[in-house]
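Asks: When you get a sec, could you give me coordinates for this:
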Amino acid sequence: MAYTKCWLAYPAISGAACDQLTVCAPAGGEILANAKAELATGLAGLYGARLAETAEQADITLAVDPALHAEGYRLTAARGRCTVAGGSEVGVLYGVFALLRALQTAGCPWQELQLDQTAAPANVLRMLNHWDNMDGSIERGYSGDSFFFKDNQVLVEEDRLHDYARMLASVGINGIVINNVNVKNAASWLITDRYFEPLRRYQQILGGYGVKLYLSINFAAPIELGGMDTCDPCDPAVAAWWKEKAADVWANLPGLGGFLVKADSEGRPGPFTYGRTQADGANMLADAVAPVGGHIIWRCFVYNCQQDWRDSKTDRACAGYDAFMPLDGQFRDNVTLQIKNGPMDFQVREPVSPLIGGLQHTHIMVEFQIAQEYTGQQRHVCYLMPWFRQILDFDMKTRPQDSTVAALIRGAGNGMAAVTNTGNDENWTGHDLAAANLYGFGRLSYDPGLDPSVIADEWLRLTFGNNEPVETTLHRILMQSWPTYEKYTAPLGVGWMVNPNYHYGPNVDGYEYSRWGCYHRASFDGIGIDRTPTGSDYCHQYAPELADMYANLDTCPDDVVLFFHHLPYQYVLHSGKTVLQHIYDTHFEGAEDAARFYEQVVALKPYLDPAVYARLEARFAHQKEHACEWRDVINTYFYRKTGIPDAHGRTIYP
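Replies: Predicted coordinates:
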């Protein structure tokens with residue numbers, strides 16, 4: 001199946017052609033060979049130049065310098081000479097990608113390039129989580145089917161896997177989990193000899209680009225694979241089974257990164273089944289994989305999914321903190337807790353999870369989602385890097401100095417993960433502009449200080465070349481897209497309001513009387529969840545300064561006020577608008593923004609590849625129409641609740 005090269009197409013730099021450039025590189029392994037191959041591919045595309053190897057006076061020198069961070073690099077370039085030094089072969093590879101990125105963003109002839117930069121990753125773990133199922137489907141996938149699995153077999157589509165590894169390395173991703181965290185049926189057998197052979201090939205291809213392979217496992221594997229009658233983590237026989245299994249897996253897949261585990265969540269088995277703690281479960285597995293150098297990544301998405309909507313005190317938002325905070329410091333050193341960025345589930349807006357700031361003696365990584373489950377499912381444009389950067393910059397107030405999320409996830413055993421947005425669609429991500437989220441997450445995971453606007457500029461230049469109308473228009477759309485999507489969907493941090501199960505399209509009461517614990521409590525006189533001391537008291541999971549800020553209406557930010565407070569519709573926000581008028585205004589504005597996006601994209605037709613334009617036009621036409629549906633459903637719902645018309649007399653359907 002044909003597919004695009006995304007941001008690795010290397011479109012020619014106008015007026016900068018040259019016949020040949022030379023490179024001098026040390027002898028090395030597969031990663032260094034891939035670095036040289038990438039350099040040759042990139043220079044051929046950008047300049048039409050053939051890359052020739054030489055032993056002296058080369059245009060480009062590749063070098064390994066152990067004084068640098070193993071995944072870091074140093075670039076220097078002046079007067080037509082360039083040195084790419086890395087702390088290891090991986091560092092050299094990253095440096096080559098950085099050089100090719102710099103050439104494209106500068107848009108200059110080779111002889112004019114001026115560089116002097118040193119880089120090292122802020123995060124040790126920089127991972128993608130695939131939710132691919134072995135039948136070929138993808139849970140929360142919006143870009144076609146899996147290119148890893150089909151009909152319960154592991155696919156080895158070498159060209160596509162090779163190009164995917166290139167894409168990951170180009171933005172600094174160093175680990176991927178290839179199968180869904182909801183492990184069942186054939187996927188439980190990925191840790192058996194049924195699948196070792198193709199997985200070894202995955203390791204070879206990915207490893208050639210510095211990317212480690214991880215597998216999601218079934219906590220109940222001792223029952224399903226081993227024929228045991230229990231998976232109690234404190235049962236010595238269960239622990240022995242896992243230790244033997246780990247030895248077998250690593251003997252066949254040496255260098256495997258480790259296992260990702262979803263337990264005690266949404267019907268998955270786990271330690272709670274046996275009256276054990278999450279630490280009991282994670283540590284048992286950690287002890288099993290420790291002798292072979294393995295790592296356990298344990299998801300903190302643990303909550304009661306059988307909640308009674310009549311119970312206004314039980315609060316799903318509290319669940320992760322309640323389950324894990326008492327265990328701080330009890331996890332093995334080769335365990336990392338993976339915590340969703342917010343306390344609920346990847347909503348378009350929610351506060352940062354208090355568990356990220358609370359755990360002071362445990363390895364943690366923040367889990368983001370670039371698969372747009374609740375942010376338009378890659379049918380609406382929604383560039384998420386401004387949101388992610390806000391999260392990374394958020395100060396949890398749990399340390400005397402530097403307790404931003406970015407600071408808390410630095411260091412050994414810590415990092416960032418994203419539920420990814422790829423599939424076997426021609427353009428990898430369904431919506432062509434959704435690739436900016438894949439690119440951007442990698443760049444932010446390596447350097448959380450990057451400006452999302454600069455990341456968007458980079459991605460546009462690398463993807464479309466030096467094409468000023470396209471770059472200017474699409475940059476503006478990308479940077480406005482998340483605020484626009486927020487405008488016409490769930491207001492003021494309350495979340496949800498989507499159709500159950502598939503999570504697409506407006507349905508204000510879709511989850512209101514369900515077992516899932518995601519309520520908005522809208523009545524005839526008000527809306528929102530009381531998470532102050534008079535309600536669930538969730539706000540006091542935060543450090544005192546933040547708890548007070550959220551509990552006090554005078555200081556609670558408008559953008560999450562309905563997450564923390566149940567308010568009358570006529571309550572006046574900091575913006576000066578009432579809650580109800582804010583809802584009306586933002587939904588009208590959001591639909592207008594979406595219509596404007598469509599007009600701007602249509603104007604780009606002369607400047608875009610016809611296939612790219614056709615895909616974009618179709619997506620933006622749908623977004624324009626669907627934003628109106630969101631506007632009308634939400635506004636009518638609240639008009640019917642309140643009987644209060646729009647202050648500006650705009651059409652709201654009775």
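
Asks: Give me the distance between the nearest residue to Thr273 once chain neighbours are set aside and Ala317.
Replies: Nearest non-adjacent residue to Thr273, counting by C-beta to C-beta, 6 or more residues apart in numbering: Asp264, 7.2 Å away. Yep, even glycine has a C-beta here, placed from its N, CA and C like the rest. Counting by C-beta to C-beta, to the nearest Å, the separation of Asp264 from Ala317 is 17 Å.

Asks: Please say which of those two ends up with more neighbours.
Replies: Ala317 (25 against 22; other C-beta atoms under 10 Å).

Asks: Contact partners for that one?
Replies: By C-beta atoms under 8 Å, 6 or more residues apart in numbering, the contact list for Ala317 reads Pro343, Met344, Arg531, Ser536, Tyr538.

Asks: would you turn those residues into TSV with neighbour count?
Replies: Listed next are the contacts of Ala317 as TSV, based on neighbours: other C-beta atoms under 10 Å:
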residue	neighbour count
Pro343	26
Met344	23
Arg531	25
Ser536	20
Tyr538	27
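
Asks: what's the closest of these to Tyr613?
Replies: Of all the contacts of Ala317, Tyr613 sits closest to Met344, with 37.0 Å by C-beta to C-beta.

Asks: so the closest one sits right up against Trp516, yeah?
Replies: No: contact criterion C-beta atoms under 8 Å: Met344 and Trp516 do not qualify, at 10.0 Å.

Asks: Surely the residue nearest to Thr273 is in a strand?
Replies: No: applying DSSP: H, G, I helix; E, B strand; the rest coil, one finds Asp264 to be coil, outside a strand.

Asks: Val154: neighbour count?
Replies: Look at Val154: counted by other C-beta under 10 Å, it has 20 neighbours.

Asks: cool, Asp308 as well?
Replies: Neighbour count for Asp308, taken as other C-beta under 10 Å: 11.

Asks: got it, and the one 5 residues further on?
Replies: By the criterion of other C-beta under 10 Å, Lys313 has 9 neighbours.

Asks: what's the distance between it and Asn185?
Replies: Lys313 sits 38 Å away from Asn185, going by C-beta to C-beta.

Asks: Over to Asn179?
Replies: From Asn179 to Asn185 the distance is 11 Å (C-beta to C-beta).

Asks: repeat for Arg79
Replies: Separation of Arg79 from Asn185 (C-beta to C-beta) stands at 61 Å.

Asks: neighbour count winner among the two?
Replies: Asn185 (12 against 9).

Asks: SS state for Leu43?
Replies: Applying three-state DSSP: Leu43 is helix.

Asks: Let me see the confidence value for it.
Replies: According to the prediction, Leu43 has pLDDT 98.

Asks: again with Ser265
Replies: pLDDT for Ser265: 84.

Asks: Burial check on it, number of neighbours?
Replies: 21.

Asks: per-residue pLDDT, Asn304?
Replies: Looking at Asn304, its pLDDT is 86.

Asks: does it really touch Asp322, like I thought?
Replies: No: if you go by C-beta under 8 Å, Asn304 and Asp322 don't touch, sitting 10.3 Å apart.

Asks: just to revisit the earlier point, list the residues that contact both of Met344 and Trp516?
Replies: Taking C-beta under 8 Å, 6+ apart as the criterion, Met344 and Trp516 both touch Arg316.

Asks: residues contacting the most centrally placed residue in the chain?
Replies: Geometric centre of the chain, nearest residue: Ala418, 2.7 Å, by C-alpha atoms, centre = their mean. Neighbouring residues of Ala418 by C-beta under 8 Å, 6+ apart: Met127, Leu128, Asn129, Glu367, Phe368, Gln369, Ile370, Phe441, Ser445.

Asks: Looking at these, which are in helices?
Replies: Phe441, Ser445 (DSSP state H).

Asks: what would the contacts of Ala418 look like in TSV with distance to Pro386, pLDDT and neighbour count?
Replies: TSV is the format used below for the contacts of Ala418 (distance: C-beta to C-beta, whole Å; pLDDT from 0 to 100; neighbours: other C-beta atoms under 10 Å):
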residue	distance to Pro386	pLDDT	neighbour count
Met127	22	99	28
Leu128	20	99	26
Asn129	22	99	26
Glu367	18	99	23
Phe368	13	99	26
Gln369	15	99	24
Ile370	13	99	28
Phe441	13	99	28
Ser445	16	99	29
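
Asks: May I ask which two of the contacts of Ala418 are separated the most?
Replies: Gln369 and Ser445 (13.7 Å).

Asks: just to revisit the earlier point, got any residues that touch both of Asn179 and Asn185?
Replies: Here Asn179 and Asn185 have Met134 as joint contacts, going by C-beta under 8 Å, 6+ apart.

Asks: quick one on the thing from earlier: which ones are touching the residue nearest to Thr273?
Replies: Shown in contact with Asp264 (C-beta under 8 Å, 6+ apart): Gly270, Pro271, Phe272, Thr273, Gln278, Val302.

Asks: So which residues of the stretch 51-200 of the chain form helices?
Replies: Applying DSSP state H, counting those that start in this stretch to the stretch 51-200 of the chain gives helices spanning 89-106, 158-170, 196-207.

Asks: buried set for the longest helix along the chain?
Replies: Longest helix of the chain, by residue count under DSSP H: helix 610-642. By neighbour count on 16 or more other C-beta atoms under 10 Å, the buried set for helix 610-642 is 612-613, 615-617, 619-620, 622-624, 626-628, 630-635, 637-639, 641-642.
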